[in-house]
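Chemist: only geometry, no sequence info:
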């Protein structure tokens, strides 16, 4: 097999990966700040966490303490769900050195197909939902095939898709808004799970945190790596557990009516499940490690026997499937499908990844970072709306933040 037979055209300089999944902090590249040497990846994560906390505190007091009110916090998490689901898929695409500009149009088309199925065609819930996801998955496979096997740059393929798929839904819907008539469909985007289930989820989450911490400690002993202190081990359990408990408490504090607790929104449950699956896939599987290898150094990945074409096709299929799922959440939340649904969602997903530390050059990024980025983007939208910031100024601020995030990433690479 020739080299060109397994190497899509990437039109970008070869980069070396600066992130290997599952590295212990002691083995990560470090950044020197004064007398301290901090693992670079942890520094990025801490910076994003502190930035998010600062944004929340600022908007909370700037909106007369409305921003972190349980009702608005629940709405904020619901708003984050669509962008977050898309960001998980976009992360995998960007890690391999590709891009997908069509996801907003795919969300509009897939949601429109599902709405047409349950409305005009009279289909039931399952066929309608399946049709929407199937269409999005097929689009992802089509675009991935063009990129991986015909060597057409992903930027061009998905830019064409951005226009084409928007035109398809405009034609299919005849420019009309299609209401969702099935209540179970609406429930995907509008309903809640009860407070009791929320606390069960919290308990399961804490048990998983303990299990992962114990497993990591045993793995360190097994491989002869020096043990971390007992205090650090306890902190690795207590801090995430406190975040989980605080999150569930806030979700359960929102009352739909006096004495009626709302619980966790269904879209948030779906989002968290996708995030956990994405984190496991990218950090704990051979497939995920190959994605980082392809994005970090395509030539080395090819010479190592990794099928670059198949993996690029796979990430576009995953992106398509997640865009289909996001379209169902988006359509259900709004209660209807329209030809302009999902506009600019692709930019929100890309911005979430970049703000969360994902490199547009490929080879670096985490699902945790993408989630933080999605939260930051949603928090800015929500907070600026509550603060009555003019729409044009909101776009200027978000655009400036994106440019600064990319600039910091490039500066960090030059230092490296």
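Modeler: Nice, thanks for sending it over. This is a predicted model, so every value here is computed, not measured. Numbers count the residues shown, from 1 in each chain.

Chemist: The most centrally placed residue in the chain: which element?
Modeler: In the chain, the centroid-proximal residue (CA atoms, centre = their mean) is residue 87; its distance is 2.5 Å. Under the criterion of DSSP states H and E, residue 87 resides in helix 70-95.

Chemist: what's the following helix or strand after that helix?
Modeler: Beyond helix 70-95 in the direction of the C-terminus, DSSP H and E gives the next helix or strand as helix 103-119.

Chemist: Verify the contact between residue 295 and residue 360 for me.
Modeler: No: under the contact definition of CB atoms under 8 Å, residue 295 does not touch residue 360, with a separation of 10.1 Å. Every C-beta, even on glycine, is put in place using the N, C-alpha and C of the backbone.

Chemist: what residues do the two have in common as contacts?
Modeler: Shared contacts of residue 295 and residue 360, defined by CB atoms under 8 Å, 6 or more residues apart in numbering, comprise residue 94.

Chemist: In terms of packing, which of these two has more residues around it?
Modeler: Regarding residue 295 and residue 360, a neighbour count based on other CB atoms under 10 Å identifies residue 295 as having more, with 29 against 16.

Chemist: what's around residue 388, how many residues?
Modeler: Here the neighbour count serves as a burial measure; for residue 388 (other CB under 10 Å) it reads 7.

Chemist: neighbours around the residue lying closest to residue 90 once chain neighbours are set aside, how many?
Modeler: Ranked by CB to CB, 6 or more residues apart in numbering and with sequence neighbours excluded, the top spatial neighbour of residue 90 is residue 349, at 4.3 Å. The burial metric for residue 349, expressed as a neighbour count using other CB under 10 Å, is 35.

Chemist: what's the angle between the helix or strand in which residue 349 is found and helix 103-119?
Modeler: When secondary structure is defined by DSSP H and E, residue 349 falls within helix 345-355. Note on geometry: by axes from the mean of the first three to the mean of the last three CA atoms, to 10 degrees, helix 345-355 and helix 103-119 are set 130 degrees apart in direction.

Chemist: Helix 345-355 - contacts with which helices or strands?
Modeler: The criterion is 3 or more CB pairs under 8 Å, 6 or more residues apart in numbering; DSSP states H and E, and the helices and strands that helix 345-355 contacts are helix 70-95, helix 103-119, helix 367-386, helix 391-415.

Chemist: what's the most buried one of the ones you listed?
Modeler: Per-residue neighbour counts averaged over each of the helices and strands packed on helix 345-355 give the maximum for helix 103-119, namely a mean of 28 (mean count of other CB atoms under 10 Å).

Chemist: Do you have the helices of the stretch 201-350 of the chain handy? List them.
Modeler: Taking DSSP state H, counting those that start in this stretch to define them, one finds helices in the stretch 201-350 of the chain at 230-253, 266-284, 286-296, 298-303, 308-334, 345-355.

Chemist: where in the stretch 201-350 of the chain is pLDDT low?
Modeler: Scanning the stretch 201-350 of the chain with the threshold set as pLDDT under 70 gives 225-227.

Chemist: Could you give the average pLDDT over stretch 398-406?
Modeler: In this model, stretch 398-406 has a mean pLDDT of 82.

Chemist: So what touches it?
Modeler: Residues outside stretch 398-406 that contact it (CB under 8 Å, 6+ apart) are 351, 354, 355, 360, 377, 380, 381.

Chemist: let's see it at 6 Å
Modeler: Counting contacts by CB atoms under 6 Å, 6 or more residues apart in numbering, the residues outside stretch 398-406 that touch it are 351, 354, 355.

Chemist: Nearest to residue 213 among those?
Modeler: Taking CB to CB as the measure, residue 355 is the one of the contacts of stretch 398-406 closest to residue 213, at 27.8 Å.

Chemist: sorry, back to before: who touches the residue nearest to residue 90 in this structure?
Modeler: Here residue 349 is in contact with 86, 87, 90 (criterion: CB under 6 Å, 6+ apart).

Chemist: Could you save those as a markdown table and add columns showing pLDDT?
Modeler: A markdown table is the format used below for the contacts of residue 349 (pLDDT from 0 to 100):
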| residue | pLDDT |
| --- | --- |
| 86 | 96 |
| 87 | 95 |
| 90 | 96 |
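
Chemist: Need these in JSON lines (columns: distance to residue 157).
Modeler: Written out in JSON lines, the entries for these read as follows (distance: CB to CB, whole Å):
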{"residue": "86", "distance to residue 157": "18"}
{"residue": "87", "distance to residue 157": "20"}
{"residue": "90", "distance to residue 157": "15"}
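
Chemist: Who are the packing partners of the helix holding residue 87?
Modeler: Applying 3 or more CB pairs under 6 Å, 6 or more residues apart in numbering; DSSP states H and E, one finds that helix 70-95 makes contact with helix 230-253, helix 266-284, helix 308-334, helix 345-355, helix 367-386.

Chemist: ok, of the contacts of residue 349, which one's closest to residue 231?
Modeler: Comparing the contacts of residue 349 against residue 231 with CB to CB places residue 87 closest, at 33.4 Å.
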